[in-house]
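Student: A predicted structure for the sequence below; I have some questions about it.
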Amino acid sequence: MAIVIKKKHKFKVNSTNSLLKNINKSYLLNKNNKENKQNFNKIKSSNFNLNNCNNRNYSGRIKFNTQTITTSDIMMNYFKSFSPWRLSPTKLDMETAEKRILSNIKTPYEQKFVKVGDYEINTIKIGDKGEPLVLIHGFGAGIGLWCCNLDFLAKHYTVYAIDLLGFGRSSRPDPELIKTIDDAEKLWCDSIYEWAKELGIKKFNLVGHSLGGYVAATYSMRYPETLKHTLLLDCWGVSVKPIDYEQNMTFTRRMLTKMLSIDISLSIVRKIGPKLVTRFRRDLLTKFQHVHPIEMQDNSENIVSDYIYHSNSVEPATGEHLFRTVSLPFGWAANPLLPRIPSIDPSVDISFIYGEQSWIDSKPGFQLQQEMPNIKHVHLLKNAGHHVYADNIPDFHDYIIKSIPPINNRIIED
């Protein structure tokens with residue numbers, strides 16, 4: 001029997017029992033394998049202690065006889081123990097989830113799929129009060145997470161919210177066709193360009209959150225002639241990864257980051273369903289509880305959890321593949337925006353909104369403002385983390401208006 005200890009988990013480990021109680025026991029006892037159960041008991045009764053192991057010997061897996069158990073296997077079996085495996089949802093299921101999360105919106109809106117080559121982009125249009133404002137969501141999200149903002153924005157702009165290719169109800173291209181960073185960026189940017197062309201939108205304002213900010217920035221580099229203003233909301237991918245970043249990480253943080261990587265987390269959500277989101281991302285649900293209560297009176301699934309699940313439930317997981325293509329381990333961009341944003345044509349105005357308590361570093365935005373005259377605003381939103389659009393909604397809306405003044409406001413100012 002060979003035993004190699006994992007490197008991917010954070011535990012308070014003083015004995016074998018605490019380690020196995022957290023993860024491994026849930027895996028083994030779900031297996032009808034007599035030898036593995038015997039080996040489990042041998043480990044349990046031994047003097048084995050994780051804290052006494054040399055970090056260099058960790059390899060991220062445990063071997064029982066000839067069977068190798070990976071981190072993904074263990075996590076999947078652990079979560080499987082408290083929730084039933086789910087079948088893939090239907091298109092009707094996804095449509096229903098979207099309608100539920102948008103049910104708080106009072107302004108009439110139109111939903112349609114816009115044909116772009118071989119693909120379709122799910123689109124919401126709401127309001128007709130001014131210039132086009134295009135909203136791009138972040139990683140693992142979709143148009144539904146703008147549910148707290150659409151009514152307000154529709155009073156000032158003609159708003160379009162889209163699901164990026166690979167997410168939500170939009171098409172999921174074959175991941176095998178996307179091999180390089182340029183392939184990924186080109187797919188997203190070209191599809192937005194063709195989408196606008198199909199709708200007859202010649203010039204618009206572009207707003208992107210997190211990964212959507214990354215896409216908005218790269219789009220601004222490729223198609224500046226179609227833009228008036230680009231607004232980056234707590235934009236991912238701007239900072240350059242420090243050379244010594246991994247060496248300076250604590251062992252615990254390194255393990256936790258690997259364990260919660262996109263490969264594992266969204267694949268688990270896909271298999272288990274919205275209860276996983278409800279259980280482990282209650283902080284996210286709290287941001288929307290003023291429009292969608294955390295606990296539903298009819299005992300149905302939480303509306304936000306249900307939507308996040310359905311936005312990431314369809315395979316192939318093209319969105320995850322695209323993000324993995326443009327990123328490095330530990331969440332850094334493979335081709336960071338900091339040295340690239342200055343190449344955006346000066347005719348495009350740019351603004352940033354950062355959450356004061358976000359994990360995204362705001363310093364690059366202020367640095368770029370010193371170098372680029374077309375960066376008009378860098379706002380630091382108080383009482384807000386990464387989800388600036390939901391953390392402090394009144395001030396967020398004020399910053400939108402300041403960054404991209406509606407036409408009526410401009411006339412008054414003149």
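Tutor: Noted; the coordinates are in hand.
Student: Mind jotting down where the strands sit in the stretch 301-414 of the chain?
Tutor: Assigned by DSSP state E, counting those that start in this stretch, the stretch 301-414 of the chain shows strands spanning 349-355, 375-381.
Student: any idea which of the ones you listed is most buried?
Tutor: Comparing those by mean neighbour count (mean count of other Cβ atoms under 10 Å), strand 349-355 ranks first with a mean of 24. All C-beta spots, glycine's among them, are computed from the backbone N, C-alpha and C.
Student: Any idea what the residue lying closest to residue 209 once chain neighbours are set aside is bridged to?
Tutor: Take residue 209 and drop its neighbours on the chain: the residue closest to it by Cβ to Cβ, 6 or more residues apart in numbering is residue 233, 4.1 Å away. Beta bridges link residue 233 to residue 209, residue 353 when assigned by DSSP bridges.
Student: pLDDT score for the residue nearest the centre of the chain?
Tutor: With distances taken as Cα atoms, centre = their mean, residue 139 lies nearest the centre of the chain, 2.3 Å away. pLDDT recorded at residue 139 is 95.
Student: Could you verify that it is part of a strand?
Tutor: No. With DSSP: H, G, I helix; E, B strand; the rest coil as the criterion, residue 139 is coil rather than part of a strand.
Student: quick one, what contacts it?
Tutor: Residue 139 makes contacts with 210, 211, 236, 262, 319, 323, as judged by Cβ atoms under 8 Å, 6 or more residues apart in numbering.
Student: and if you look at residue 220?
Tutor: Listed by Cβ under 8 Å, 6+ apart, the contact set of residue 220 reads 206, 227, 230, 344, 345, 348, 350.
Student: if you set the cut-off to 10 Å instead, what comes out?
Tutor: Residues near residue 220 by Cβ atoms under 10 Å, 6 or more residues apart in numbering: 189, 206, 208, 226-227, 229-230, 232, 340-341, 343-345, 348, 350.
Student: likewise residue 99?
Tutor: By Cβ under 10 Å, 6+ apart, the contact set of residue 99 is 111, 144, 307.
Student: And for residue 105?
Tutor: Contacts of residue 105 by Cβ under 10 Å, 6+ apart are 124, 126, 146, 147, 148, 149, 150, 151, 154, 291.
Student: Look up phi and psi at it.
Tutor: Taking degrees, to the nearest 10, you get phi -80, psi 130 for the backbone angles of residue 105.
Student: For the stretch 101-250 of the chain, which segments count as helices?
Tutor: 150-154, 181-199, 211-222, 245-248 (DSSP state H, counting those that start in this stretch).
Student: Mind checking the pLDDT average for the third one?
Tutor: This points to helix 211-222. For helix 211-222, mean pLDDT rounds to 98.
Student: Convert that helix to PDB, retaining C-alpha atoms only.
Tutor: The C-alpha trace of helix 211-222 is given here as PDB (Å, rounded to 0.1, in the frame of the first residue of the first chain):
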ATOM      1  CA  LEU A 211     -13.700  38.900 -16.700                       C
ATOM      2  CA  GLY A 212     -16.300  41.000 -18.600                       C
ATOM      3  CA  GLY A 213     -14.000  43.900 -18.000                       C
ATOM      4  CA  TYR A 214     -11.100  42.000 -19.500                       C
ATOM      5  CA  VAL A 215     -13.200  41.300 -22.600                       C
ATOM      6  CA  ALA A 216     -14.300  44.900 -22.800                       C
ATOM      7  CA  ALA A 217     -10.700  46.100 -22.700                       C
ATOM      8  CA  THR A 218      -9.500  43.700 -25.400                       C
ATOM      9  CA  TYR A 219     -12.600  44.600 -27.500                       C
ATOM     10  CA  SER A 220     -11.600  48.300 -27.100                       C
ATOM     11  CA  MET A 221      -8.100  47.400 -28.500                       C
ATOM     12  CA  ARG A 222      -9.600  45.600 -31.500                       C
END
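Student: That one to strand 349-355, inter-axis angle?
Tutor: 170 degrees (axes from the mean of the first three to the mean of the last three Cα atoms, to 10 degrees).
Student: that older thread, out of the contacts of residue 105, which end up buried?
Tutor: 124, 126, 146, 147, 148, 149, 150, 151, 154 (16 or more other Cβ atoms under 10 Å).
Student: gap between the residue nearest to the second one when sequence neighbours are not counted and residue 365?
Tutor: Nearest non-adjacent residue to residue 126, counting by Cβ to Cβ, 6+ apart: residue 109, 3.9 Å away. The spacing between residue 109 and residue 365, counted by Cβ to Cβ, to the nearest Å, is 31 Å.
Student: Make sure residue 238 is actually in contact with residue 365.
Tutor: Yes. Judged on Cβ atoms under 10 Å, residue 238 makes contact with residue 365 at a distance of 7.2 Å.
Student: Now do the shared contacts for those two.
Tutor: Shared contacts of residue 238 and residue 365, counting by Cβ under 10 Å, 6+ apart, come down to 232, 338, 341, 352.
Student: Listing request: residues of the stretch 151-300 of the chain with sub-threshold pLDDT.
Tutor: Applying pLDDT under 70 to the stretch 151-300 of the chain flags the ranges 246-249, 251, 253-271.
Student: if we go to 80?
Tutor: Filtered on pLDDT under 80, the stretch 151-300 of the chain yields the residue ranges 244-274, 276, 280.
Student: now the strands: where do they sit in it?
Tutor: Counting by DSSP E, counting those that start in this stretch, the stretch 151-300 of the chain has these strands, from start to end: 158-162, 204-209, 227-233.
Student: got JSON lines for those strands, with distance to residue 301 and mean neighbour count too?
Tutor: Below are those laid out as JSON lines (distance: least, Cβ to Cβ, whole Å; neighbours: other Cβ atoms under 10 Å):
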{"stretch": "strand 158-162", "distance to residue 301": "22", "mean neighbour count": "25"}
{"stretch": "strand 204-209", "distance to residue 301": "24", "mean neighbour count": "26"}
{"stretch": "strand 227-233", "distance to residue 301": "27", "mean neighbour count": "25"}
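Student: quick one, which of those is nearest to residue 196?
Tutor: strand 204-209 (6.5 Å; Cβ to Cβ).
Student: who does the closest one touch, helix- and strand-wise?
Tutor: Counting by 3 or more Cβ pairs under 10 Å, 6 or more residues apart in numbering; DSSP states H and E, the packing neighbours recorded for strand 204-209 are strand 132-136, strand 158-162, helix 181-199, helix 211-222, strand 227-233, strand 349-355, helix 388-391, helix 393-403.
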